[in-house]
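>>> pasting the sequence and the predicted model now:
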Amino acid sequence: MSSINGRVRWAGLGACLLVLVVFAQLNYIQVFHAKALTDNPLNTSHVIQQYSLPRGAIISADGVTLAESVASHDQYKYQRVYPTGALFGQITGYYSLTYGTDGLEREYNSLLSKSTSNVRLPGSLHQLEKLLTTEPGPDNLHITVLASLQKLAEQQLAGRYGAVVAIAPKTGAVLAMYSNPSYNPTPLASPNPSVEQSAWKTLLANPGTPLAAAAYRQRFFPGSTFKVVTASAVYDHNPSLAKKDFPVISAFPLPDTSNQLMHNFANSACGGQMLELFTVSCDTGFAQLGLGVGGKALADEAKAFGWDQPVPLDLPGVAQSYFPPASSFNRNAGALAKSAIGQESVQAVPLTMALDAAAIADKGVIMTPHLMADVTGSQGQVVKTYKPKPWLRATSPATAAKVTTLMLSVVNSPNGTGVAARIPGIEVAGKTGTAQTGGSSIETWFVAFAPAQNPKIAVCVLVENQPLGVQYQGGTIAAPIAKAIIQSYLQGRAS
Amino acid sequence: MSVNALSAPVNVANATSRRLRTLRRLPQRRTELGMLVLVYVLVLGLYLLAALGATGAAPKATIVFAALSALLLATAHLAVRRLAPDASPIFLPLAALLNGIGYVFISHIDPAEGSNQAIWTAVGTLCLVATLALFPRAIDFERYRYLIALAGIALLLLPLAPKIGEDINGARLWVRAGPLTFQPEEFAKIGFAIFFASVLAERADLLATGTRRIGRWLVLEPRYLAPLVGAWGFSLLILLAENNLGASFLFFTLLVSMLWIATGRIAYLGLGGGLFAGAAVFALEIVHHAQTRVQAWLHPWAHFATSGYQIIEGWFGLAGGGMWGLGPGQGNPQVIPEASTDFMFASIGEEIGLVGLVAILCVYLLLMGSGLRAAVRSERSFDKLLATGLSLLLVVQVFVVGGGITRVIPVTGITLPFVSYGGSSLVSSYLLLAILVRISNDNANQIATSARGSIEPATRPGSRTSEDRGARQPAGDLSTTGGLAL
């Protein structure tokens, strides 16, 4: 029988063995299995590390801070805040611990999270001091959007669902891009997970899907605004049609259908040459123009105007506009007639419609749309500047000039549908659209650019969920908003 | 002053030796002082590193921290120098090192908890001093064994009391008194260790062999076992009622290992293991809290969003730390629930890595080793059993915490002695330390007296030769040592 001291020693040895088991398991977790654990998608430690670093600011063209990291006294050293809230939520996106990133925060993540700039040689004692005392912080992103114009878009939509996109046609710079409903990204960037989660749940429950910005992530029936593309197709592929006189009718029997009729808006009768058809937005006339120019020509033209292909805007998740393939019109000329006036399965992203207006404004060229203006280092020096580059040649300068004439007529003719967009002293070229969404509501559109001779701004306005009725049209609902945006941008004052 | 059953000549010899001791330089204490200085430098360095890692600047409170910790260490050292001059020099520096490391991490996780922990460190140090002052000999602990057992039971019952008891995370192990909450179980386990040690020291022989014959079998006389089984069963019942599984495992281990060490009957280990397995299955059947814990233990990934979250975040933390750690102050322990208490191990492992954790494990093993060394050298079986029980308690607690986090066993709400956040845990750990220091000091005295009285009067007490001689002496059977002690 072992002595009591012997047993004490054995007990000690047993306790050592227990610790040895823990030691072995620690080796497994911390060394052998560590990589797999670190790479596990559930592991948020690298996100936390990023979260604890300062992050560059996002600043509007008129100098308003849209996103910035402020020092916090919680577990992370910085808290991302969005001082303009929902106004820029769909552009800046969010920087969330739980839900990742979106918007510019995702697109320019690497730029915002670390310094890409080389340190300049100090030119003065003050600069030398700054260099030695301040850490090289991350770069700041300056964007092309004007906070004032964005604010105006929000005010003009006045809570109605819809979108406003404004682009500088000659550079592709996005001047405003707002849609309702938007969202405030600040709670999503909260260090408190329950704040994040409840904000996220609220966003998902919102029927207006604020996370899918209407301006660039959703498609709508473009209605008559598509006639801009149809008219260009006529000039490009079958110019003689533009001179053809179409009979004045109120309804047009669609081919390849069992006597289905296409009615004009409010059953009004219209006809005449292209200029007249465009000015009053004559559906029956444009249906016949579409049939005349053919499915292939129309599909090609749409493609040239940026449809059916990814739009190279510097934001994640930009939706494509849809125009059906030419083959789908074989033995289905009725669908072609409807597609020519932006119905059937044609679907447009407001951003594309703004780019199409910009194409007409910029002599047929669509410049690559962009939000980034320039990048500055922590010392304030410009590190990188965006250089405008063309994206597509939509049409010829000649066609663009002719379509401009049509669009001017929409606004300036006494019987034009877009008279509400007239601005004294500025020539506005535009096109209205009113699309029935199948149910009892309509979408009203207006695309425009100005000044017509030297375009500086192209705009697309969409107001959704408007009730049926003659007073609710693109010309009455959307055109005044476009007018306010153009006027503010060109004359520097809000209506 | 304890006179106990010791004879007058021994007392005289004692007094003489004490006088001698004040004259000589106390090499044990000088070693202790040297190690304390080393610990002080280490902890201060870690404190600065953690602050620099987290904020890039030395905190404003550095001077305060440096001054206060120096004051506390000096208090403890001077108290031991005066009250337990011959105790092993290793206890206090090891405890101070663990306490210091714990404080640095706690204040990094939550500064408010850090300042509380500083207060509790002061209270713990005072508790160490008070225990050493109030119990000049280890045998004094034994005198009040029934009182202590009752106090232990009362402490265990406290959380069940309607007004003051509190449920935290599904376990009812807290008592609230005004702004303070405390976990009485932390103190109860020391009380029970004293009680078990005392009863076992007295009845080891009776418990080792059966005296009553039933058929072919010799069975134990039930009345000898009754107080033990009673106390243990009672505590177990309460622990189940309070859902405190970790503590009930500790109590089981404590009793079973002490029974085995006292009697040498391997059957007690088997019996204890069997009983514990039975109790565990029973608990699993009826206690929802236990089911959740086992579920999280076996399938943490399947329950990531709920019960498995803590373990997996703990693992992510440990894996992030890897071999060398992210560096003090560089980790993100806030992600792990209960990072400063139950999951302290994971938060430390993230910042100082496997290497740091192993160092901490080694500190615990050294502490246990010193405790067991005191037990082996002790001549009274009560001291022996108590020192063994308490030393094992330390490491079993480390195993329950570390094993819980590494999924060797289910997670239970147990703290790391000296390291985890919490007043009850820290103060009771200092109490435990005080008892070990006291026993260790007594050994030296016993060796000294026996050396002076019988073998080699000329040898200086506490010197290496006499110590070695003492250690080499057979520890003796319980009956004889017990006789000497009483």
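Structure's in. What do you need? Residues are numbered from 1 along each chain as shown, chains lettered A, B, ... in the order given.
>>> ok, the helix or strand that contains residue A:459: who's next to it in the sheet?
Assigned by DSSP states H and E, residue A:459 belongs to strand A:457-467. Next to strand A:457-467 in the sheet, as set by DSSP bridges, lie strand A:162-167 (antiparallel), strand A:441-450 (antiparallel).
>>> what mean pLDDT does the first one get?
Going back to what we said before, that points to strand A:162-167. Strand A:162-167 shows a mean pLDDT of 97.
>>> again with the last one
Strand A:441-450 shows an average pLDDT of 93 in the prediction.
>>> try stretch B:277-289
Regarding stretch B:277-289, the rounded mean pLDDT is 77.
>>> mind checking how far it is from the chain centre?
Here stretch B:277-289 shows a centroid-to-chain-centroid distance of 27 Å under the convention C-alpha atoms, centre = their mean, to the nearest Å.
>>> what residues does it touch?
For stretch B:277-289, the external contacting residues (C-beta atoms under 8 Å, 6 or more residues apart in numbering or on different chains) are B:170, B:171, B:236, B:240, B:243, B:245, B:248, B:252, B:290, B:291, B:294. Any C-beta I mention is one placed from the backbone N, CA and C, and that applies to glycine too.
>>> hmm, which two among those are most spread apart?
The span of these, defined through C-beta to C-beta, is set by B:170 and B:252 at 20.6 Å.
>>> for residue 194, give me the pLDDT.
Picked chain A for this. Looking at residue A:194, its pLDDT stands at 87.
>>> chain B, not that one
92.
>>> swap in the one 5 residues further on?
The predicted local distance difference test score for residue B:199 is 87.
>>> rewinding a little: buried residues, the strand holding residue A:459. List them.
By neighbour count on 16 or more other C-beta atoms under 10 Å in any protein chain shown, the buried set for strand A:457-467 is A:457, A:458, A:459, A:460, A:461, A:462, A:463, A:464, A:466.
>>> relative to chain B, which of the residues you listed is nearest.
Checking these against chain B by C-beta to the nearest C-beta gives residue A:464 as the nearest, at 36.7 Å.
>>> give the closest residue to that closest one in space, chain neighbours not counted.
Spatial nearest neighbour of residue A:464, chain neighbours left out: residue A:161 (4.1 Å); criterion: C-beta to C-beta, 6 or more residues apart in numbering or on different chains.
>>> okay, buried residues for the helix ranked longest in chain A please.
If you go by DSSP state H, chain A has its longest helix at helix A:4-27. For helix A:4-27, a neighbour-count test (16+ other C-beta under 10 Å) marks A:4-5, A:7-9, A:11-12, A:15, A:18-19, A:22-23, A:25-27 as buried.
>>> what is the subsequent helix or strand relative to it?
helix A:34-39.
>>> does any part of that following helix sit near chain B?
Yes. Contact between helix A:34-39 and chain B, assessed by C-beta under 8 Å from any C-beta of the partner chain, occurs at A:34, A:35, A:37, A:38.
>>> filter these down to the buried ones, ChimeraX style.
Per 16+ other C-beta under 10 Å, the buried members of those correspond to this ChimeraX selection:
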select /A:34,37
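>>> mind listing what the spatially closest residue to residue A:208 that is not a sequence neighbour touches?
Excluding the flanking residues, the one nearest residue A:208 by C-beta to C-beta, 6+ apart is residue A:181, at 3.9 Å. Counting by C-beta under 8 Å, 6+ apart, residue A:181 touches A:86, A:161, A:206, A:208, A:210.
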